[in-house]
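Asker: heads up, no residue letters with this:
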Ligand SMILES: Nc1ncnc2c1ncn2[C@@H]1O[C@H](COP(=O)(O)OP(=O)(O)OP(=O)(O)O)[C@@H](O)[C@H]1O
Ligand SMILES: Nc1ncnc2c1ncn2[C@@H]1O[C@H](COP(=O)(O)OP(=O)(O)OP(=O)(O)O)[C@@H](O)[C@H]1O
Ligand SMILES: [Mg+2]
Ligand SMILES: [Mg+2]
């Protein structure tokens, strides 16, 4: 009997589809039939998936980001709990704590995490830095000084994809780097208004504001991969992004540690890494056969070999920290190393806050970023408003 | 038995009641013309008879059957419209046979009736054309043909000739009249605002104004004894001359006086006894005024002369105002010339100034 | 000096030449009517005179000036259209003054001219209304008013009354005639396809057919001596009766013969000497036939009777075909009745059967 | 007996009336039934449901609790919504008037008896065949300072030429207007051209005899006659304004900042991205109220009150 | 003197105005053609040339590779079949949707303008207001409704959605057009014994050609260009071309192949473009024939 699995995801680009293919091949090898349903854009794909679940015609498995996106699906009994498999596979032991927390609701696993993305990497062009005789910065004040020097040389200091998401991503990098993990958690997690009113926060916001001067005027509206391309082509020096950006460098034939480097900007120490990732969830079903297919999928997803292969292609690191990453690139190894110390792990915004709250903050950030006349105080005001109102 | 009988019918468009308890009987084989100015309700009445409009109360009988709630097709009527209303995408033949085909009449029967109607109307050679390949007159013939094949006992015409030019109008008018004669017992109800059409076609004319019947009568009656000012003015071209004045008691009975114009009313048939001193309007048709060197009224000056071929209309005026006179074309008269007018008292009409009713 | 002179004008729409070297002289103060059926080129000629259409060759003179290349506004003309062509959403006053305002005429002058024109046409009380608040007749008055204020020496009318109903048409017709008289030296060129309008208004009528002039003459000439079959048939309502036949040499000169109908042509004014035995068409106007018990031709049977108020048209036929007779309304006649017809030879017209030209 | 025979007709009439009405109108009613169902279920039903949800705290999935007007007070405290509302006003006014003006000009110029008229007409009309997504992508490309017009002109030897509206907070909304007009002007042209062709030729002649300059005739005489066409065009364009979404997403994603956010995007984002159905539906309800209060009187006067021609 | 006697045709001067007319029209045409030009040019260039070159310039190395790639081998997710699959899906959605929505619109317009049905005008008013409401509002409830009836995610479902949202415009167009037809025609047909349907199919529909053309053009454009309904309701087997276009154009990783994007965009716009170019003339005529009566 055919074991047919329809998988709905939004990994449509070349690198992403190569990664997905790892799973697909593995699944096929295991005797199943992988029906690939890729829809570009997380929003579109999720909306389609949720609509289908609500409509009673769900795919076998669908992609989500780690975090609160699927909370309500759980409360509404639309998702299957996979705690049995989790216990069998000891997921709680082999995965980073924050990822486990993000996948568990009411004490049960409801999602299968497949990778870990670091979100606040600084990618830099080694050649540009070498030519300018500069070192990659370790703290944000340093970064601003470095940036000014680069700018004077006619190089774009920071390449930024000028869409609200990436502006917000940059803000989070600054917040966790300059404000620290605690402030980051208080801000996105507990919505601590006291923390927002603190001088540290204001300083961070002002620092973030100063970065505007280091971004080229063509940024607004730019896609993030076009921004990455600026670094690849030596037009820009630095680029904050998640490690998925590595795919771009790889596609351009560049190697981590050679043409480009990655680092975490923070307090000067090894740095805090904001981690999130992708998960798959499994719509609840009463059909035995369907459940069996899902079981098989789970096996495939967390199989160490496919984990390694998948994450190499995807640019992320395996969600199983027990996998040997020596065959991966320098950035991945660095990432793996940083994560060994749980105190360096910072939960991504998606894990801490609801999409609604992050959205509200994103609105505030993009307004602040695009309006040089807006003061840090005004921004704080807005953020407090969002904390109060956003559900 | 009357062919069509409209009994106490009220038609209403929402709040607006067009007719309020109108009754009308039409005899079998009669040619009835509904005559009136635009908006007087002619089409409404016709549509109600045809069943294209629902009546709000009252009944409509056709051929001795109460058809108030029948479908148009079941009333035994046929209708011809001003705008021809030919089905544009069908050939003439298809246009004419549409109704029969709807009624599932056998093919040979359809064929026969269409050919017969086409022959009657001399449109056999047009049968395979489409309406847009026809002239106006031909189109209206086809429309009449379409009505003919229905074999109806009552024909309804809604201003069928209004879209045609004068020449064609005259031709088709005669043809319709001939058709009526030929069909024998067929009743025709014909709507028009053209009084010439009404006069020439009708057995009886129903004059309507503002949704009210003003007068029903033969063309001759209507022309000679209009029952009120409206009918008098509406029928006849050139229009009747109206002169405001009063009735005075004279030596030989009553006399009409308007300024220095005076007219003894000997021989005038009053519909009821009149007192002197009422305000009245005197109506005289232009052809009943005769030009003379010495006449009833004198001191007129010619204003405008309108030669119309056979006759000439002379507009002449004195101090009291101007009058139209219809003269035989032969006499040459020129503007500025002086003349006197003779009046035949038996031909005039008198109306009450306030009600407009004939006295 | 003629007011308008069209000299050897050719108008062409691409390949289609409407006129080919047409010439026409119109005298000052004259009222000229261009009469002809639809498509005969009346509007084209008028537009060419107005400068709204370019002529391909030839010249147009107005008031002694060659205006062939002038803009319409500089030709000293004013024009009135069938569709009124009033500027929508402007008040009557604005409509009338628009041209003057564009020409930067001083305000008081504009005021004066508009008021004067409005008074002449009795539309002073309408000056502040908008066209869509006016009836058809009022609209056309405004259109005439707009022409009046232009102070033109030549007025061009393109079927101004065709959109009006019969009653209004008659009224406005007289008014235009009065206006012409009042304005004195103003020349008017008036286009119509209605022969009654042409007859009543014109000093001279130009009859057109298929872009060719058929006859130019006074209404009387045209009516009595139509120069060919077309003119004879086109002018006069009811239409002239045509009877095909041949000329035979009789005892007292020529005689018309058609079957058993015979008519000695004593007194008929031939335009040139005729041989016997030609195929001809005899034209007799219905009013020149008299109903008699014994007449020139007998054995007629009444077909259709059309009472028209003052007169009655009687269609009667014998073996040769049917004829229309116009009788005085007084005589009652009914279909089926027999009668004989009397003919006045001096009033008939004879045409060559092949060319249609008057003999 | 007597009374009965007199009253007979009026007794039988009503029954006959009902039968008659049913017989003649049943097919028409049946034919309209599917549409009526759709109107009831989809248009009215969904809208009521939407309004109802705006009073709940629904997040990812709809739920039917009751929080009163809480979402509305949030909505009106929300910068982005207010900016969206302001943007849609700016866009609506400029887009509609822009399309009308450009469309009118195009129609007038095409009406000048030009050669290649049908070619011009097709060229002007083709953008309407493109989806807003395509329009957006094309214009984003063309207006992008680094790729499009600005670069082009600079490469041609004007290094200081700047046209950066697309990335300029204050001007970005106008680039959307430009793209919108590009898309809609052709349709407006077609509608107005149809109107121009319907103008009575005698009017033109009258104006020429009166010596009125052509442009003046267009303004004072023709324009008023085009009113019904202008209304039609405005209505068609207005339906596009309220739904404005794809174009913004394709061109600017609402940015820079929130400079080009529009209500439909606000609704869409909150429904599907932000898991905040309640706020999204509240915004939708506000849009609905705005649309209905502007249009209802017009629709009522123009379409509901006016009866069919059969009386 | 020196002036020739005026005769014949008025001398035509090439006036400033005339030149101005053409100048304006050509400028406008350029403005309107520019995006199309850029898209076509870009789709015909290899990537290097796009990165360096001038966007409006003609390609120096003409290549149709991008087109064939977009058509048959561009990838979305794991499937690399280009947008050709979506093209045929779109066609399958388009034809029944257009046909059905036009038929329904015509029947509605006919019933509304020739027959009196109680409440029909109110229904029509609500429908019209519905034309102004953003579609997004309807998505959730419609998904619910369709899944309840069990046709969610099928060809039938997407067709129904298109018909439903085409109703307001189609009904309005046909209603207005039919109001312009002489009512006498309908009366004549009634007297001839035509019923609701026979009058519609035999008399009214054959007269509707101009409006059918306009409606077809509008619906083809609207339905072909739809993205959101296709995505939400069509189901995986029936995803229309626009969804695949979105997948290709908005994939967020890897260098963007602008030439392929543009070629795909052009391919996606092809059907409505062809429809416009072929029938633009009738469009204007059809609009003149009644679509414009407000
Ligand atoms: N559908 C309608 N709704 C409301 N009023 C109407 C309707 N149809 C006609 N009327 C009114 O009914 C009256 C009679 O109209 P009707 O069409 O019968 O006039 P008519 O005599 O045929 O005029 P015409 O000579 O112009 O055809 C008019 O006052 C008209 O305004
Ligand atoms: N713009 C045009 N292009 C080609 N032919 C034309 C044009 N205008 C008129 N014609 C032709 O010129 C002839 C004369 O037309 P014109 O309009 O002058 O007729 P008319 O006598 O005014 O008719 P009507 O009484 O119908 O107004 C007709 O045969 C017509 O077909
Ligand atoms: Mg009527
Ligand atoms: Mg004419």
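Answerer: Perfect, thanks for sending it. Note that this is a predicted model, so its numbers are computed, not measured. Ligands and ions are numbered 1, 2, ... in the order given.
Asker: All the strands of the stretch 51-200 of chain B, residue numbers only.
Answerer: Along the stretch 51-200 of chain B, the segments classed as strands by DSSP state E, counting those that start in this stretch run B:57-62, B:65-66, B:77-81, B:154-158, B:187-192.
Asker: With mean pLDDT and mean neighbour count as extra columns, can I get the ones you listed in TSV?
Answerer: Just so you know, the C-beta spots here come from the backbone N, C-alpha and C atoms, and that holds for glycine as well. Converted to TSV, these look like this (pLDDT from 0 to 100; neighbours: other C-beta atoms under 10 Å in any protein chain shown):
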stretch	mean pLDDT	mean neighbour count
strand B:57-62	91	20
strand B:65-66	89	14
strand B:77-81	92	27
strand B:154-158	93	25
strand B:187-192	94	26
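Asker: Quick check: phi and psi on residue D:228?
Answerer: For residue D:228, the backbone dihedrals (degrees, to the nearest 10) come out as phi -60, psi -40.
Asker: My understanding was that it contacts residue D:195; is that so?
Answerer: Yes: with contact defined as C-beta atoms under 8 Å, residue D:228 reaches residue D:195; the gap is 7.4 Å.
Asker: ok, these two, which is more surrounded?
Answerer: residue D:195 (24 against 14; other C-beta atoms under 10 Å in any protein chain shown).
Asker: Report the secondary structure state of residue B:302.
Answerer: Put simply, residue B:302 is strand when judged by DSSP: H, G, I helix; E, B strand; the rest coil.
Asker: How about the contacts made by it?
Answerer: B:314, B:315, B:316, B:333, B:334, B:335, B:336, B:337, B:338, B:339 (C-beta atoms under 8 Å, 6 or more residues apart in numbering or on different chains).
Asker: hmm, 10 Å instead?
Answerer: Contacts of residue B:302 were listed using C-beta atoms under 10 Å, 6 or more residues apart in numbering or on different chains, and they are B:291, B:314-317, B:322, B:325, B:333-339.
Asker: Please apply the same query to residue A:47.
Answerer: Neighbours of residue A:47 in contact, by C-beta under 10 Å, 6+ apart: A:39, A:41, D:268, D:271, D:272, D:273, E:139, E:140, E:143, E:228, E:231, E:232.
Asker: Check what pLDDT it gets.
Answerer: At residue A:47, the pLDDT value in this model is 81.
Asker: distance of it from ligand 1?
Answerer: 50 Å (C-beta to the nearest ligand atom, to the nearest Å).
Asker: which element is that residue on?
Answerer: Using DSSP states H and E, residue A:47 sits in helix A:42-54.
Asker: now that helix: how far from the chain's centre is it?
Answerer: Taking C-alpha atoms, centre = their mean, to the nearest Å, one finds helix A:42-54 lying 20 Å from the centre of the chain it belongs to.
Asker: Also stretch D:64-73?
Answerer: Counting by C-alpha atoms, centre = their mean, stretch D:64-73 comes out at 30 Å from the chain centroid.
Asker: for stretch A:254-264, same thing?
Answerer: For stretch A:254-264, the distance to the chain centre is 19 Å (C-alpha atoms, centre = their mean).
Asker: buried set for it?
Answerer: A:254, A:256, A:259, A:260, A:261, A:262, A:263, A:264 (16 or more other C-beta atoms under 10 Å in any protein chain shown).
Asker: Take those residues and keep only those in strands.
Answerer: A:260, A:261, A:262, A:263 (DSSP state E).
Asker: what separates the nearest residue to residue E:215 once chain neighbours are set aside from chain C, distance-wise?
Answerer: Counting by C-beta to C-beta, 6 or more residues apart in numbering or on different chains, residue E:215 lies nearest to residue E:102, which is 4.9 Å off, once chain neighbours are set aside. Separation of residue E:102 from chain C (C-beta to the nearest C-beta, to the nearest Å): 35 Å.
Asker: secondary structure element for residue E:102?
Answerer: helix E:84-114.
Asker: so, in contact with ligand 1 or not, that helix?
Answerer: No: Helix E:84-114 lies out of reach of ligand 1 by C-beta under 6 Å from any ligand atom, never closer than 12.6 Å.
Asker: Kindly provide the whole-number mean pLDDT of that helix.
Answerer: 92.
Asker: Give me the helices and strands touching the very next helix or strand once past that helix, please.
Answerer: Counting by DSSP H and E, the next helix or strand C-terminal to helix E:84-114 is helix E:120-130. Applying 3 or more C-beta pairs under 10 Å, 6 or more residues apart in numbering or on different chains; DSSP states H and E, one finds that helix E:120-130 makes contact with helix D:2-38, helix D:46-53, helix D:227-242, helix D:277-299, helix E:84-114, helix E:155-179.
Asker: I am finished for the moment; much appreciated.
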